[in-house]
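Chemist: Sharing a model that was predicted from the sequence below.
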Amino acid sequence: MIGELIKILKITVLTSKNSKEIAKKPWKLNSIRQTVTFASSSSPVTTTTTSVSPPQSQILTTRRSLLSGEITASEIAKSYLSRIRLTESHLKCFLHVSDNVLKYAQEIDQRIAKGEELGPLAGVLIGVKDNICTEGMPSTAGSRILEHYRPPFDATAIKKIKELGGIVVGKTNMDEFGMGSTTEASAFQVTANPWDLNRVPGGSSGGSAAAVAARQCMVSLGSDTGGSVRQPASFCGVVGLKPTYGRVSRFGLMAYASSLDVIGCFGSTVADAGMLLHAISGYDRFDSTSSKQEVPEFQSQFLPMDLFESKPLKGVRVGLIRETLEEGVDSGVRSVTQEAASHLEALGCVLTEVSLPSFSLGLPAYYVIASSESSSNLSRYDGVRYGNQVMADELNKLYECSRGEGFGGEVKMRILMGTYALSAGYYDAYYKRAQQVRTLIRKDFKAALEQNDILISPAAPSAAYKIGEKKDDPLAMYAGDIMTVNVNLAGLPAIVLPCGLVEGGPLGLPVGLQMIGAAFDEEKLLKVGHIFEQTLKGSSFVPPLLPNVA
Amino acid sequence: MSTTLFRTIQPNQFTLLGTALFRRRRRSNFSVRCCGTQTTTTHEAKQPSQSRIAPKNHGSNKLDEILRDYEAVIGIETHVQLSTFTKAFCSCPNNYGSHPNTSICPVCMGLPGALPVLNSKVVEFGVRLGLALNCDLSLKSKFDRKQYFYPDLPKGYQISQFDIPIASGGYVDVDIPLEFGGGHRRFGITRVHMEEDAGKLLHSDTGDYSQVDLNRAGVPLLEIVSEPDMRSGIEAAEYASEMQRIVRYLGVSNGNMQEGSLRCDVNISIRPIGQAEFGTKVEIKNLNAFSAISRAIDFEISRQALLYNQGQADQIVSETRLWEEGAQKSVTMRKKEGLADYRYFPEPDLPEVILTQDYVDSIRSSLPELPEAKRRRYEAMGLGMQDVLFLANDVSVAEFFDAVIGKGAEVKLAANWIMSDIAAYLKNEDLSINDVKLTPQELAELIAAIKDGTISGKIGKQILFELLAKGGTVQGMIKAKDLVQITDPAEIEKMVLKVVSENPKQLEQYRNGRTKLEGYFAGQVMKMSKGKANPGLLNKILLEKLNAKD
Ligand SMILES: [Zn+2]
C-alpha cells in the first residue's frame, strides 16, 4: 500500500479525479448581502440584508471602540463567548475554550480605566490551532497521543500575542498533527463548515478557519505545511496568510514537517491577518531557522478605501499560473478566479499568464518530504515522558501500544510512508529526489517572480466538499493540495482571500484566490490583498451560519 | 510521577502518566517498565584518573604459539563529552553528577514544539580537536538525525553528523611505553563529528521497571573514529590514552573515563597473517579504563584465535560484547543482525555549520602545544623516554615542568625532582600538581640553591615538603630556619675536631683499620651542624683529621 501510494504519487500528474463539479457557474456576488452585528445582545449573530460595505478590520475596530469607551473588553469577550456557546455544538471548532477569557478582558478594562498604555492587540480574541503550545492549556495537535497534555511553555508566537494584549480564546480543532485537508482526521471531533454544516471546513487548520468565519473569535493562528492555512481559508471564506518560511518562529509549534511548517494567520480581513502576522513575526533565538530579516510595519498598507486612487494597483505585475487552471480544477472555481483576475486588471494590474513547468512535480515531492520529516518528528511521541502511555510488559510493546493506540490512521500511514522513504536503499529514490524537485520548484518560482510582482491561482481545485466525501480516498484528498504545496516547498509567502462564491450550501460556497509573493515580501501581498478586498463588489463573506441558532 | 522533574519547568500543568505503569521510586525519576533484556552501562569501581597500561597476561605458551599466526585489526570509536558550560542544543547546565532530572528543559526532554539551538562552543571544540588530530576541516558541514527508539533518547533521534563530519582524514602519533617495547606509532583518524549524548536508564533492583535520567541528554559529544590501524591491546590502550591527553591539553573535556567523559568502543577482528581481507568484526563496549581496553582486546584476540585454531571460525559472529572487569572477560551483549538502519537525514531544525578560514586560523593559532610536540621537545632536551612520557602525560605536570625550566632550572634536575619527590608526595596525598602550594618559581629557586651550595640536598628535601604543604619561599625558609649551608672550612674543622676528640675509642678503632667508622664520624659532625655542613668539605676535613698523625 505504501509503496503503491508513493509510486502513484511519484509518477502520476495528479488530478482530482474524484472531485465532483460542485458548481457550474459562479454566483453573482451582489445578490448576497449580509452583515453581522457584534453587539452584546442575546442574539449575537443577525443576518440582515443591508447595504454592503467593505469588511472592516476587527482589530482596529476593537481598538477604536475600547479607546473611545464605546464598549468594554469584557462586553466584547462576553459576546464572543456567548456566540461560541450558541454555535459550538454545531460547528465544533474548538477542542478547548479558555476559562480565563473574561479575566484577561477585565484586566484590559482595568488598564483602560487607569489610563495605561494598551497593546496593539488589547482585547483581541484569538483562536489558536491546537498544535501551537499554550502554557497550561491543553495542546494536543488533535491527537489522542497528547490527550490532556498541557505544555509548560508558550510558543513564541503566543508569547508575543500575550505581550501585545491579545487574549487566547481557546484551542481549535485540526487534523491530527496537521495531516489532512478536512479536519476530519482530528482524533476528537469533526468540525463543520459555517457555510454549510454538511461540508468540511478544510484543513488541517479547519477549526481556526471556521471559528473566524463564524465570528467565534476575531482572528486565529493556524499552521501551514502544505496549504493548511490557505485551503481552509478558501473553504470558509476568510483570509488566510502563510508567511515566508522563517518569518515566524516555529518554537512551540508541534513539528509536522520542519522544513515546510510555518505558523499562519486567519482574519476576516486582510488587515487583521496582516496585523496578526506583524505581531508574531521576527527572529527568535529559540528557532535557528527563523529569519533576521526586518519586519516592515504592515499597517501603513491598510489605507481606508476613500484614500484609494482610481487605479490603486497601477503597474503591479500579476502572473496567473497557467497550470492551476487546467483540468481537474472545478469550472466554477476557474470562473471565479478569472473574474478575480479581471478585477485586479480593473485595479490597474498588468495581468499575464505564467507557466511553472515543475508545478505538477510538487505534490509527490511534498508528500515524500513531509512524510519523511514527520516520521522523524513524531518519534518523540513514544509514551515515555508524556502523553498517552499504554501499560506493557516490555519496551517494544510499550512503544507499539502507546503509538498504535495514540495515533490515528492517517498519521500512521504518513509515518510508514516517511519511514519507507528514508530507509536505506530508498533514500536516493525518494527523499533525495524530492529535494531535487524542490530545488527545481524554487527556481521556477524565482524566475516567475522576477517577471511578476505576485502570482495568482485558486487556493484549491474546488470549494468545500461534503464531510466524508474524500475520507476513504486519500489520493483524491492529497490532490486537493496541488495549489498550495509548491509554495511551501519554495518557502514563499502567500495569502488567500475570498473572491467569489460558487453554488452549494444554503447561500453558496466561498472560493479563495491565492496570491504568492517573493520571499519576505508579505507587505506587497497585503497591499494588493487589501485593495482587492476593499474594492470587491458586494464583498461581504459572512456565512449564513446556523438558522436554528440565529 | 516526577514532581521534581517537572518542577524545573512547570509543576502543576503536566499530564500525569498512568501510575500503574509508572511506579515512582524516587520522586525525581520517571520510570519505564520494560523488558529486562535491555542492558545499560554499569560503572566500574573508581580507578586512577590516568592509570598506566598493564602488561598482557595470557596464559599458556601454547596460546602464544597460536597467536603468532594471527594478526588483529583494531579500530576505536571514542566519545568525548565536552566540558561546555551548557548542553549542545539548549541552555541547561552541563554538569556531571546532578540529582536525576534536575538539569533538563523542554528542548532536551524532547517536548512537543521545542527546537534545538546549537551551542557555538561545540563547534569551537570540534574545530580544536579536529586540528589537534591533524584533520581536514569541513568549512561547510551539517547536522543529521540518527533515528532509533530507546527510552533514554527523548526525541527518538540523536542529532549527529552523518555524511559530512566537521573534521576528517587526520592522524595521531603515540609513543609506546618502554615496558611494552617502546617505539613510535602513527594511527589514522577517519573522522571527528559533533553529536549529542543520550540520557541514562537506571534499572530497578528487581528488574521489573526502569527509570530515565535525562540530565545527560543533549550533552555535547565529539565522536572520534580511528582507522583500523592498531594491532594489539597495548597499541589500542595507548591510542586511547593519547586521546585523553589531547582532550585534556586542549581543555575540551575532562577526559574522565569513570565519569563516562571519555568512552571507547573497540572494533576488533583477527585474520591469519598474510590474509588480505578482514575477519568478522566484533565490538567491545564498557571499557572504563585503559587497562580494560588492553585486556579486553587481548582476551578477544585469544578468543577468536582459539576459535580459528579449532576450526570454529564460523562462531566468530558480528556482535557487541560487554567487558566484565570483575571476571576479566567479555560476554555477548547483542548479536548484530543485518545492518542497523538509522534512516539518517539532514536535521531540518538546524542550519548548516559554516566555518570561515579566519575562524579556523584563529583557533589554530590558539592551540596549545600538544602532547606529541611536547614529547619531541623534551626528547630534544636530552631527557630519557621514561622521563619524557611521564612529564608529558599530564598537562598540568608538563606545564609545571615547563615553568620550572622556564625559570632557569636545569632540565634533568627539574625532571628528577618532579618525578621522584613531588610525584611521591602527590601520590601519598592524593593530590594533583595544581593543588600544591609549591610554585614553579620556588622549585627553580630550590634547585638553584642546592646547586650553588647554599643548602644541602638533604635540607633541600625538607624545604621541598614544607613548600608543597605550606607554600612560602626558599629564601624565606632558609633565613627563618637558618638553614644556610656551612661552607667555612674553619667552622667545619672546629666541629670535626670536637667530634674526633669526644670519640677517642672510635678513633682508635678507625686508626686500627676500621675505616668504615668514617661514616659514624661524618654523621656526628652533620648532626652537630644540624645538617648544614657542606658534605664535601666535611668529608675532606674529616678524613684529614682522622688520618692525621698526632
Ligand atoms: Zn535542556
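Modeler: Alright, I've got the coordinates. Numbers count the residues shown, from 1 in each chain, chains lettered A, B, ... in the order given.

Chemist: State the distance from the residue of the stretch 201-350 of chain A found nearest the ion to A:Phe153.
Modeler: Per Cβ to the ion, A:Phe286 is where the stretch 201-350 of chain A lies closest to the ion, at 11.7 Å. Where you see a C-beta, it was placed from the backbone N, CA and C, and this is true even at glycine. Distance of A:Phe286 to A:Phe153, given as Cβ to Cβ, to the nearest Å: 10 Å.

Chemist: Likewise for A:Arg322?
Modeler: A:Arg322 is 46 Å from A:Phe153, by Cβ to Cβ.

Chemist: who's more crowded, those two?
Modeler: More crowded of A:Arg322 and A:Phe153, by other Cβ atoms under 10 Å in any protein chain shown: A:Phe153, with 22 against 13.

Chemist: check which helix or strand covers that one.
Modeler: For A:Phe153, there is no helix or strand it lies in under DSSP states H and E.

Chemist: mind listing what the closest residue to the ion within the stretch 1-150 of chain A touches?
Modeler: Scanning the stretch 1-150 of chain A for proximity to the ion using Cβ to the ion identifies A:Cys133 as nearest, at 15.9 Å. By Cβ atoms under 8 Å, 6 or more residues apart in numbering or on different chains, the residues touching A:Cys133 are A:Ser139, A:Pro151, A:Phe153, A:Asp154, A:Ala155, A:Ile158, A:Gly252, A:Leu253, A:Met254, B:Pro112, B:Gly113.

Chemist: Buried only: go through those for me.
Modeler: A:Ser139, A:Pro151, A:Phe153, A:Asp154, A:Ala155, A:Ile158, A:Gly252, A:Leu253, A:Met254, B:Pro112, B:Gly113 (16 or more other Cβ atoms under 10 Å in any protein chain shown).

Chemist: Roughly how far does the residue in chain A positioned nearest to chain B sit from A:Val350?
Modeler: Closest contact between chain A and chain B, by Cβ to the nearest Cβ, is at A:Ser379 (2.3 Å). Distance from A:Ser379 to A:Val350, counting by Cβ to Cβ: 49 Å.

Chemist: swap in B:Asp435?
Modeler: For B:Asp435, the distance to A:Val350 equals 80 Å [Cβ to Cβ].

Chemist: higher neighbour count, these two?
Modeler: A:Val350 (15 against 11).

Chemist: The nearest residue to that one once chain neighbours are set aside: what's it in contact with?
Modeler: Residue nearest to A:Val350 in three dimensions, not counting chain neighbours: A:Arg317, with 5.0 Å by Cβ to Cβ, 6 or more residues apart in numbering or on different chains. If you count contacts by Cβ under 8 Å, 6+ apart, A:Arg317 has them with A:Cys349, A:Val350, A:Thr352, A:Gln451, A:Asn452, A:Asp453, A:Ile454.

Chemist: thinking the first one is in contact with A:Pro312, fair?
Modeler: To tie it back to what came earlier, the one meant is A:Cys349. No - under the criterion of Cβ atoms under 8 Å, A:Cys349 makes no contact with A:Pro312, lying 9.8 Å away.

Chemist: Of the two, which one has the most company?
Modeler: Set A:Cys349 next to A:Pro312 and count neighbours by other Cβ under 10 Å: A:Cys349 wins out with 26 against 20.

Chemist: Backbone dihedrals for the more buried one, please?
Modeler: phi -70, psi 150 (degrees, to the nearest 10).
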